[in-house]
Structures are given as structure tokens and as C-alpha cells.
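# I would like to see how this sequence folds:
(chains A, B, C and D)
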Protein chains: 2
Amino acid sequence: MDRNQTNEMLFLTDEQLLQGIELMFFAYKGFTSDPDRILEEYGYGRAHHRAIHFINRSDAITVNGLLTILGVTKQSLNRVLRQLIDDDMVESRVGVADKRQRHLHLTDAGQELEKKLSSVQRERVREAYKAAGSNAVQGFRKVLENMVDADMKPHIEQLGMER
Amino acid sequence: MDRNQTNEMLFLTDEQLLQGIELMFFAYKGFTSDPDRILEEYGYGRAHHRAIHFINRSDAITVNGLLTILGVTKQSLNRVLRQLIDDDMVESRVGVADKRQRHLHLTDAGQELEKKLSSVQRERVREAYKAAGSNAVQGFRKVLENMVDADMKPHIEQLGMER
DNA sequence: CATTAATGTCAATAATGCTGACATATTTTA
DNA sequence: TAAAATATGTCAGCATTATTGACATTAATG
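Below you'll find the model as predicted:
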């Protein structure tokens, strides 16, 4: 499929790898900068964003489920979750099948904030995708998927993308 | 160059973009996990890693230069820098041309730690590159470069990679 | 009924960021 | 040369987000 695939990869210099490392650093910085500005207006931080994001993505997710995805302790999550619930951004509903569980949902206000945060971040990604081209996007996805820890892999959705 | 370049990019769904966003989150987590384990042994954090990384990359960099690259306040940087200097990981030399400036260097111990941190991180990137293929790596680089804030672009080295 | 599981909470600690204020040495400029 | 700007360092206070450990409540399960 690609003349370079097999051979060229053996010649990855430390310099090339270091540049990849720095690229991750600078790109992640850019990636979070737009939502960060919005969060500040609300007195929230990135932890709130992450909670809101994954509650939006998996409506009715349990506290434990969210904990596992985020990879933080329940004490850590509980603090931001309590704030979001107090602020009427998130609603916590007692489970039906298992009444010990709490199922998390975004309220209307929560959905509104989610949309604000999401739209600026999506815009950044969209522009980066557009400028790079669909071929590059596939490569981007491939490399990043391989960078994810094995035990987190179940949480990433595989996207076909006409493959 | 690519049939999809122009047309397909217009059909980027929110779902595709959200998956890209999550991929950045999970990949960055994996990306930092190996160095984090080493840093813990030293009682250091990611801030120390970043300082060490960029001092290694730009030997004799000034405090101001490092500040600009990292994008933090001097008070923030000073705390970790002081520790690293106290621990004999970093040496601060008075500038020759401008005696107000301090030029930063890794000591032998600093270089040793840098190598430890760097090697596990490079290994993770190398494996991800290898599994994805050189074509994907080019795409990865393209997309990430486009995600970087414009004012940070001067700090990322453009790498040809047989383009 | 005893155990386990899911959640919530309190307290203490740490790393990393911020702002504001101030000090020192050195260079540049008017 | 005197004044202003620059580079650095430091102190204090505060915020966010993470940790560990301990303990309580409620509900499910053996």
C-alpha cells in the first residue's frame, strides 16, 4: 500500500520523535485554549468540561462509568459534579434497576454550556482537519489511536471513515 | 493530490469531530503516562518534565525564552526551576553579552533524567508511528500543526519528512 | 443476615497555575 | 549621566485539580 511503510519506519530519528512530542504539547495547548476561555466565565475548569463532555456523550451514564472514563478518583470527580449539580447543569437520577446508582444527565442549561464549549473546540478541529485534508485526518486518527493506553481503548469509538 | 481533499471535508459530522476530540483526550493521557511514573520517583511533576525537555532542546536558553515557550508566568516557572537547580539537575549561568540574563543548562544528572523521561515517551511515539505507518505520521503531523495556536507556531520545527 | 457495591463526604496534602507587589542588577535611552 | 526599561528572582495569597485515607449511607446479593 505504501512504499515507505516497512522500511522507512526503521529510520525514525530521535529528532523526529522529539518533534512529534513537542507537537503533541503545543497542539494540546491549542486544543484546550478556546474552551478554557469560556469555562473561565463560568468559574469552571477543565475537569468540569470533561465531565460535561462525557455526560453529553453518554447520557444516563453512572457515576462509576464516568469515573472509569475520566480516570480520576471519585473524590476528585465528586467535587466538580457537586458544583455542576448545584448549578443546575447536571441532574442526578436514582437508577431504576439498581437504586444505588446515579444516572447523570445534562439539564437544559448544561446542554447549552456543552454546546458552547463543544462548538469552539469542534471548530478548531474542523479547521485543522480541513487544512490538512481527509487523508491526513485518517493518519492523525491512526497515530493517536495507537498512543492510547490499552486499557482505555474500549472507550474510544472506532470510526470507519470510508475505510 | 487526493480525490477527497476538497469535497469530503465539507461533510465532517459533529460525531466525527467529537471523536477526534476524545481521541486527543485519551491519546494525551497515554502520551504523558509513562514519564509521569518516572517523575513520581523523583518527586517531580509534568512542569519539571517540560522545563527539562525544553532546556535539553535549546541548550543555554534564557529564562525568558523558556517562559515564552512554556506559556506560563515566571512565578510558576521559577518554583520548578529553583527545585531543579537546587537538585543539581539544571545549571543557571550568567549571560556573557547580557549579564542580566541567565542561561539554562542540564547538568549530567539532568541529562540522565532527561534521557529516562525522553526514552519512554519516544518509545510510545515510535510504536504509535510504527503501527500507523509513515503515511499516517505525515497526516498526524499535518493535523496537529494546524491545531497549534498561531502565536506558538514559531516554536514548532517544521520537519520535511521527504515531502 | 452478612457481605459487597455504589455513592457521597470530610480532611489533609500536593502540583501547578494565577495575580500583585517588590527588589536587584544591568542595559538602554533620552 | 540620570531616568527608564529589561531580566530575573522572590514573597504572599489564592484557585483548580489531583491524591490518599477514613467513614457513612443505601441497596443489592450471597
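
# does the helix ranked longest in chain A come close to chain B?
Ranked by residue count, the top helix of chain A under DSSP state H comes out as helix A:14-42. Yes - judged by CB under 8 Å from any CB of the partner chain, helix A:14-42 and chain B are in contact via A:14-31, A:33. Every residue, glycine included, has its C-beta placed from N, CA and C.

# and the following helix or strand past that helix with helix B:14-42, angle?
Reading on from helix A:14-42 to the C-terminus, the next helix or strand found by DSSP states H and E is helix A:46-57. Here helix A:46-57 runs at 140 degrees with respect to helix B:14-42, directions being taken by axes from the mean of the first three to the mean of the last three CA atoms, to 10 degrees.

# quick check: residues of chain A near DNA strand C?
Residues of chain A found near DNA strand C (CB under 7 Å from any atom of the strand) are A:62-64, A:67, A:74-75, A:78, A:81-82, A:92, A:95, A:98, A:100-102.

# let's see if you can find the most crowded of the residues you listed.
With neighbours taken as other CB atoms under 10 Å in any protein chain shown, the top of the residues of chain A next to DNA strand C is A:Leu81, carrying 23 neighbours.

# check which helix or strand the nearest residue to A:Leu23 once chain neighbours are set aside maps to.
Among residues not flanking A:Leu23 along the chain, B:Leu144 sits closest, at 4.6 Å (CB to CB, 6 or more residues apart in numbering or on different chains). In this structure, B:Leu144 is located in helix B:134-147 according to DSSP H and E.

# for that helix, list the C-alpha coordinates in CSV.
Extracted as CSV, the C-alpha positions of helix B:134-147 are listed here (Å, rounded to 0.1, in the frame of the first residue of the first chain):
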residue,chain,number,x,y,z
SER,B,134,4.8,6.7,7.6
ASN,B,135,1.9,7.9,5.6
ALA,B,136,-0.2,8.2,8.7
VAL,B,137,2.6,10.0,10.5
GLN,B,138,2.6,12.7,7.9
GLY,B,139,-1.1,13.2,8.4
PHE,B,140,-0.7,13.2,12.2
ARG,B,141,1.8,16.0,11.9
LYS,B,142,-0.3,18.0,9.5
VAL,B,143,-3.4,17.9,11.6
LEU,B,144,-1.5,18.7,14.8
GLU,B,145,0.4,21.6,13.2
ASN,B,146,-3.0,23.1,12.3
MET,B,147,-4.2,22.8,15.8
